[in-house]
Structure formats: structure tokens, C-alpha cells
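Asker: structure for the following, please:
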Amino acid sequence: DMIDEAEDRERFEKLVDKLKIPVPPGRGATSLQEALAVAREIGFPVLVRPSYVLGGRAMEIVYNEYDLADYVESAVSVSHNHPILVDKYYQGQELEVDAISDGEDVLIPGIMEHIERAGVHSGDSIAVYPAQIENDVREKMIDYTTRLARALQIKGLLNIQFVYYQGQIFVLEVNPRASRTVPYLSKITGIPMVSLSTRVMLGKTLKEMGYKSGLVQPNSLVAVKVPVFSFGKLSQVDIYLSPEMKSTGEVMGVDYSVPRALYKGLLASGSSIPLSGEILVTIADRDKEEALQIIQSLRQRGLSFVATPGTARFLKGHGIEVKEVNKIEAGSPHVVDLINSGKVGFVINTHSGGRGAVRDGFQIRRAAVERGIPCLTSLDTARAMIDCIDFAKSGQEAAIISLDEYTQ
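Answerer: Modelled structure (predicted):
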């Protein structure tokens with residue numbers, strides 16, 4: 001019943017309304033006409049998904065009515081028995097909590113902050129523990145987690161995902177189950193989350209096991225969870241990060257600062273960090289202003305750029321020297337030819353929105369994967385990479401020691 005209350009849209013809305021916990025506006029829809037009506041009411045972009053899904057299956061962000069109609073008609077089966085959920089998409093900072101509840105006390109081993117903003121599946125996001133957030137945001141998350149766990153009468157593990165947007169914290173989803181971050185949090189905090197939750201389900205209370213409600217104070221360590229992808233083995237799969245999970249594993253980097261821990265995590269995941277050479281940049285129009293500061297920072301670190309015409313014009317207009325390369329439709333030599341030539345060592349490509357894999361972006365991303373060239377599709381990841389470049393160029397060594405040595 002608790003799973004149904006967390007997943008059923010009407011029941012969950014009644015619960016959060018009763019608890020006065022904010023969630024993004026949205027409703028369920030059982031037809032295309034209903035879905036369009038909801039989207040017009042709350043405004044685009046919207047996040048659309050079926051009910052009761054794992055891994056973000058068939059979940060998408062859509063930016064206009066045409067793409068919403070395409071989604072409803074081709075991606076999912078919609079009916080009174082199979083409604084879809086249409087929610088307002090807030091492009092804010094995503095935060096995540098794993099907790100253990102005995103029905104009364106709620107232990108929160110840690111709060112994680114995603115580097116990629118909301119809209120990227122939590123399994124595909126880089127997550128940082130402890131979250132670098134303000135105290136008032138932290139306290140609200142503790143309060144919402146505790147009240148939701150008690151209201152749902154959860155006995156065991158739960159996972160809650162939040163988005164912080166324009167000064168307010170919203171609950172995105174409540175999962176009354178274990179999540180993939182449990183091993184990660186257990187390792188870095190030393191709290192045996194699986195053992196505790198199992199004993200709770202067998203009738204023990206947290207107090208009886210020596211634990212109390214609330215957030216466990218973090219130690220001095222920083223742990224970064226980095227996803228691992230297998231795109232090279234999955235032909236014709238688009239690699240851009242989205243609400244649908246695409247990673248096949250994850251690694252953890254540990255140190256005393258975010259840049260050092262992230263640097264270790266990226267290396268362990270098989271990612272390359274660009275220290276010199278040319279970067280191919282193809283940026284969607286809606287991302288160009290945000291990308292400018294990142295590209296300027298990369299230029300200051302000695303990197304040079306090649307760009308498709310629209311991105312090249314934008315960068316030149318802001319005083320950044322850039323080589324121009326044709327889009328595919330303009331004919332050879334074009335952007336995919338450039339990637340295949342091996343003359344660029346890194347690609348930053350943001351998704352232009354819309355559905356389908358016929359766009360230049362898909363072919364650019366696939367060409368990069370097939371050539372083994374790192375390709376970032378999130379500006380948040382690219383921004384975080386700058387700190388890693390600085391660390392790599394500083395000459396400092398990333399100490400490799402055991403987790404036990406860190407925690408002693």
C-alpha cells in the first residue's frame with residue numbers, strides 16, 4: 001500500500017497536500033488531449049513519464065506541444081488503466097536523500113548533491129557527498145523526509161529526490177525502497193544501512209540499535225559517485241543525458257575536497273580530462289549564454305575550439321577565437337568527418353530538444369563514442385571538469401589510499 005501511495009498520482013498529491021510539502025505542479029493524463037491541457041495549464045517544459053517505472057524508462061522532458069503529441073502517440077501506451085504523469089520541469093539543483101525509518105524515528109545517513117541539474121536520471125548524475133547546501137535547505141529536507149517516512153509508515157529504506165529551484169525546495173519523488181546510492185553512502189559514512197534496515201523490517205527500532213532520528217553529521221571526507229557508461233558496446237544508442245537511465249555502473253572517488261575526489265572518480269570511470277588540444281563545441285541555442293563562461297574558462301586554460309556555424313558565430317561575437325566546421329547538411333568536410341579524423345580530443349554537445357535521432361547532434365555524439373572521444377552533453381559536467389583540469393595541472397598527486405585509512 002505504501003508503494004501505491006508513493007506512486008499513484010492522486011493518492012500522492014493528497015498526501016503531500018495534507019503534509020503541506022511542495023511538489024512541482026502536474027497531473028495524470030489518460031489521453032493526448034488531457035496531456036496537452038495539463039501542459040498548457042502549467043507551462044512548458046514538462047516532464048512526462050508513465051506511472052510505476054524504474055530507471056526512468058520512457059521518461060522525457062518535452063518543450064512544446066508537437067513533441068508532447070509525438071511522445072504520447074509513439075513512446076507510451078496511454079489509457080485509463082495506463083495514465084501518464086505530466087509535471088512542470090524545474091531546471092534546478094537536484095538533491096537526494098537515503099534514509100532508514102522504523103515508522104517513528106528516521107535516520108538520514110547523508111544528503112547528496114547532483115552536479116547535473118534536475119532532468120538527468122539520478123543514476124547518470126555525478127553525486128557529491130556531503131551536499132554543499134545552505135542550512136535552511138538542509139533542515140527542510142530533513143523535515144520533509146521525516147514527515148513523509150512517518151506518513152507512509154515506512155519500515156526500512158527509502159529514497160527521496162528533491163529539486164532546489166528559485167529559493168524553494170520541492171519533492172520530486174519518494175521511493176519506499178533501497179536505491180543504488182545505498183552502498184555508496186554506507187561506505188563513506190560507515191553506517192551499515194542494509195543491516196540496519198533489515199533489522200528494522202524484522203521488528204527492531206533504531207533506538208534499540210543505538211541510532212536516533214535526524215541527519216548524521218558528515219566527517220571531513222568528500223565522496224563523489226561517478227557513473228560508468230557502456231555506449232561503445234551499444235550501437236545506435238543516443239548518449240545525451242536525460243531522465244531515462246543509461247549508465248551501467250558507477251565508481252567512487254574519495255578525498256578531502258570536491259575537485260580531488262571528482263578527479264579520482266572521473267579517472268576511475270574511464271573518462272579523460274582535456275589538458276590541451278582542440279575541443280569541438282556544438283551548443284543548442286538555449287544553452288549558448290550559459291556555455292559562454294565555461295568556454296572562456298577552458299580557453300584561459302590553454303584549450304582551443306572548433307564549432308559548428310551557429311556556435312562559432314556566437315563565440316566570435318564574444319571575442320573567442322574559434323575554427324568553423326560545416327554541419328552535416330552542408331556537405332563534406334563536415335563535423336562528423338572532423339571527429340572521424342581524430343583531430344579533436346574532446347566534444348561538448350548539448351541537446352537541441354525535440355525527439356528523434358535524426359538530428360546532427362545524434363550523429364555527432366555517436367561518432368565521438370565510436371572514435372573513443374570523450375563527449376559531454378551536460379554543461380554542469382563541463383563546468384565541474386574545469387576544477388579537475390586545475391588540479392591535474394597543479395602538479396599535485398592524487399593520493400591512492402584505502403578507505404579504511406581515510407576513515408581511521
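
Asker: for D17, what are its contacts?
Answerer: By CB atoms under 8 Å, 6 or more residues apart in numbering, no residues touch D17. (Glycine included, C-beta is placed from N, CA and C.)

Asker: confirm it sits in a helix?
Answerer: Yes - under DSSP: H, G, I helix; E, B strand; the rest coil, D17 falls within a helix.

Asker: any figure for the gap between it and R11?
Answerer: When CB to CB, to the nearest Å is the yardstick, D17 and R11 sit 11 Å from each other.

Asker: go on, D287?
Answerer: From D287 across to R11, the span is 37 Å (CB to CB).

Asker: need the next SSE after the helix or strand hosting F12, C-terminal direction.
Answerer: F12 belongs to helix 9-19 when elements are defined using DSSP states H and E. Moving toward the C-terminus from helix 9-19, the next helix or strand (DSSP H and E) is strand 26-29.

Asker: buried ones in the following helix or strand past that next one?
Answerer: Next in sequence after strand 26-29, counting helices and strands by DSSP H and E, comes helix 32-42. For helix 32-42, burial by neighbour count (16 or more other CB atoms under 10 Å) applies to 32, 34-36, 38-39, 42.

Asker: next: stretch 251-268.
Answerer: Applying 16+ other CB under 10 Å to stretch 251-268 flags 251-255, 258-267 as buried.

Asker: inside strands: which ones of these?
Answerer: Those of these mapping onto strands are 251-255, per DSSP state E.

Asker: excluding chain neighbours, what is closest to L215?
Answerer: I108 (4.5 Å; CB to CB, 6 or more residues apart in numbering).

Asker: phi, psi of the one you found?
Answerer: phi -110, psi 100 (degrees, to the nearest 10).

Asker: you'd agree Q91 is up against V120?
Answerer: No - in this structure Q91 lies outside contact range of V120 using CB atoms under 8 Å: 10.5 Å.

Asker: neighbour-wise, which of those two wins?
Answerer: V120 (27 against 12; other CB atoms under 10 Å).

Asker: what about the more buried one, distance to E94?
Answerer: 8 Å.

Asker: now do the shared contacts for those two.
Answerer: Common neighbours of V120 and E94 (CB under 8 Å, 6+ apart) are H114.

Asker: can you give me phi and psi for the residue lying farthest from the centre of the chain?
Answerer: What lies farthest from the middle of the chain is E208; by CA atoms, centre = their mean that is 36.3 Å. Note on E208: backbone dihedrals following degrees, to the nearest 10 are phi -60, psi -30.

Asker: low-confidence ranges, the stretch 301-408 of the chain, go.
Answerer: Regions of the stretch 301-408 of the chain meeting the criterion pLDDT under 70 cover residues 353-359, 407-408.
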